[in-house]
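Peer 1: what follows is a protein structure lacking sequence information:
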């Protein structure tokens, strides 16, 4: 593989450039003609389809249904909840014309659909019989990125799902918030092999319009935190302006209790950053579009036929076990080129078969995560391949967990706090609960409170900033 | 069921109002706050998911992959193919601002993605090794409806899929056009129970920018034709302006041969119009969100327990056969109300069980299509229910086929031709091939050439308009 085709920088030398090269060269995504917009290519989209299917099944199993909302929201509707509107307007794309005609009430491209969804819910919900209403939307959101854009992490349009529910009681809505966060955590940990910390956002960092926001956070190899998904308790903040109310069993008109929540394709960005290496992408088997690539190796026409036949036989055996297999029988490339190519694309497991292997009744498995080779006899194909894939999935998760531990620290000393943030750590420190202290941290270090962990420790240690009595221990970090 | 909840007009008395009521009251879709835009509600979206899954499987089995393109296309890109641009601009939504900032090259909301897709393909394709490139996009298209809008048939944003392929030879691209049309026809006939006629569009009616367009057409109960899906041969019309070229095996630079194709949620509209009746929706079992509803009937607490237990047992048995079953155990409604409700929602099969049935070891099946009742003993549950569902699917297709035959006629006489169009028929008539004659038909009758059937008969009969020698027999009709 020539230098231009492969990844030309090392992950620990120029992380940002490494990331961009991996996303582009592994053909996950590409830049669209408009600045800030990207295209998700088939290889990247296939990962999104895996993730989507995993989340969709869990949502349906817990009584959620899918539906469709248009992308256009009238300005008058978007502005009904004032905080929400103020939060989003700087990044809204506005449609002002259709054909040659100017549009009276200009139309926003959905930055998020609370306002539109709830104007519909208000028509649909009449009594307690219509509740809970739990609808999810697989669509894209549009928020003009004013600052720098970054493939899959910060783009002006992104694929996501947004869920919007209405419940008859506060308790049920708060339970929903947690059910969803648990679905997200389970999906990200089990499918993407990324460990996360869950908890609440501070008042300053919560979703505009929410009563509170729960979040799952992780830390990337460059020491920046990444928000991986959020689930919001909206209380009655939207149900009142949007008139989402119902007659309860006593025939009393009551405002609904609401939640909203979402994850986006940024999860694919996290996957790239956490698991990738100097050779390129490393994909967890559960979401890999191709889980196993078979590279037949031969130098004579006679060998070629025998080895291709064996390859097809192996593929047929593995396809029966619902594995995603590809044979790379391209004549125009050498085996070495193919190895590099599939390593760059992150295929979890490679099977090599040459004439000597065939004679010995075996193949060679090469794991993408640690590049170790394993001899496997043909009679053990199924169990050997499945075991290796499970092993890779588990190893990736453990490695990511180790990274998270290495990047997590705890201090009550402000100088150490600043040094740790500088090093790119998740820093647990005591906080008094005052937003002013949060702002001082932001100004002096660039870090935010990423998450107030659910297992937060009440603490008597003084606040890391004001030295007043600390209320709780929270996690500070710089972020994407 | 009160009159307001049910359908208040008859299908054959006020077809248009009947259609609107069914779509709204069966909760398939609803009007969004912006004129011309609609929301697809969970019940309608579930039908779309069935259709989508059926088409998606067929596309993947024939080597197509999915991907994502942004919704925003710069005006400069959209205008690269002149005919195409002229065809779409009157209905384009334009984004002119992001936040408070004006955008230089204003952005179109995708009316269709040929231009954007091919600007990307031009970067991705280098040699014959990269071909064929066969990518499909599940997204929505935006075309401002200037005239009247109609739920699911004519809306300013609609869900669809658009496929875009590049091939190294003309022959392979033309073959692709037909493979896709065949996938569409099979899906519509087998899943939606709607028979279609396939063929080519005339030059006047083809897709702007295509060499030719193939189509599948059907006729609705009100005598208007509906275009159900199209597959276009683009030749090199786009590959040249968009520079979609490749090095062939002789290392010669060659422009690609292209196709594009799509079907939309309008198929759900066709389903409603064709199969529905005065009671509401009638859904073919293959796409019904709920295939069987069980309505337990009881008047005492003792009966209630026994009958609910039996209902749950039946449900468990049927769920194992991958059927979609719901028990309607709502205490606040009478059985009669429930019957009407599920009939309006078009559930293909209802199971009634009352105390007398239970005593006799049987249930009553009620078919939605013909309202016939069938006694079924519990020991025959699975085979009886599956047989009934298959029967309903088949009957709906046969009924629709009969309608198509009744609404198809053939004439060489212009007066009869006009009378038949007035009656709302598919009229087979000879045509000389001249666009002027087509325009005369349009002006004098409002009808178009809907399709030049693939099994077109060469004819010597004179053209229905100019009386010159007819070249072929084509189908004229008025349309949506």
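Peer 2: Looks like it arrived, so ask away. Everything numeric here is computed off the predicted structure, so don't read it as measured data.
Peer 1: which non-adjacent residue is nearest the residue of the stretch 301-450 of chain A found nearest chain B?
Peer 2: At 7.0 Å from chain B, residue A:332 is the closest residue in the stretch 301-450 of chain A, using Cβ to the nearest Cβ. The C-beta positions use only the backbone N, C-alpha and C, and glycine is treated the same way. Residue nearest to residue A:332 in three dimensions, not counting chain neighbours: residue B:129, with 7.0 Å by Cβ to Cβ, 6 or more residues apart in numbering or on different chains.
Peer 1: so that neighbour lies in a strand, does it not?
Peer 2: No - assignment of residue B:129 by DSSP: H, G, I helix; E, B strand; the rest coil gives helix, placing it outside any strand.
Peer 1: my read is that it contacts residue A:333, right?
Peer 2: No - using Cβ atoms under 8 Å, residue B:129 makes no contact with residue A:333, being 9.3 Å away.
Peer 1: so between those two, which is more surrounded?
Peer 2: A count of neighbours by other Cβ atoms under 10 Å in any protein chain shown puts residue A:333 above the other of residue B:129 and residue A:333, at 15 against 12.
Peer 1: check contacts around that one.
Peer 2: Residues in contact with residue A:333 (Cβ atoms under 8 Å, 6 or more residues apart in numbering or on different chains) are residue A:341.
Peer 1: which pLDDT value belongs to it?
Peer 2: If you check residue A:333, the pLDDT there is 93.
Peer 1: which helices and strands does the longest helix seen in chain A pack with?
Peer 2: Counting by DSSP state H, the longest helix found in chain A is helix A:381-406. Applying 3 or more Cβ pairs under 8 Å, 6 or more residues apart in numbering or on different chains; DSSP states H and E, we find helix A:381-406 packed against strand A:212-219, helix A:266-275, helix A:301-319, strand A:349-353, strand A:362-367, strand A:373-377.
Peer 1: got the buried residues for it?
Peer 2: A:381, A:384-385, A:388-389, A:391-393, A:396-397, A:399-400, A:403-404 (16 or more other Cβ atoms under 10 Å in any protein chain shown).
Peer 1: let me know the closest of those to residue A:186.
Peer 2: Of all the buried residues of helix A:381-406, residue A:186 sits closest to residue A:397, with 12.5 Å by Cβ to Cβ.
Peer 1: about what we covered before: what's the first helix or strand after the longest helix of chain A?
Peer 2: strand A:408-410 (DSSP states H and E).
Peer 1: which other residues reach that following strand?
Peer 2: Under Cβ under 8 Å, 6+ apart, the answer for strand A:408-410 is A:219, A:420, A:425, A:426, A:427, A:428, A:429, A:473.
Peer 1: chain A - how does it break down into domains?
Peer 2: A:15-275, A:290-390, A:408-477 (automatic domain parsing).
Peer 1: what about the last one, average pLDDT?
Peer 2: Translated: domain A:408-477. Mean predicted lDDT for domain A:408-477 stands at 93.
Peer 1: quick check: end-to-end length of it?
Peer 2: Taking Cα to Cα, to the nearest Å, the span from the opening residue of domain A:408-477 to its closing residue is 10 Å.
Peer 1: poorly predicted segments of the stretch 101-250 of chain A, please.
Peer 2: Low-confidence segments of the stretch 101-250 of chain A (pLDDT under 70): none present.
Peer 1: quick one: the helices in it?
Peer 2: A:114-124, A:170-191 (DSSP state H, counting those that start in this stretch).
Peer 1: which one, of these, ends up nearest to chain B?
Peer 2: Comparing those by Cβ to the nearest Cβ, helix A:114-124 comes nearest, at 5.6 Å.
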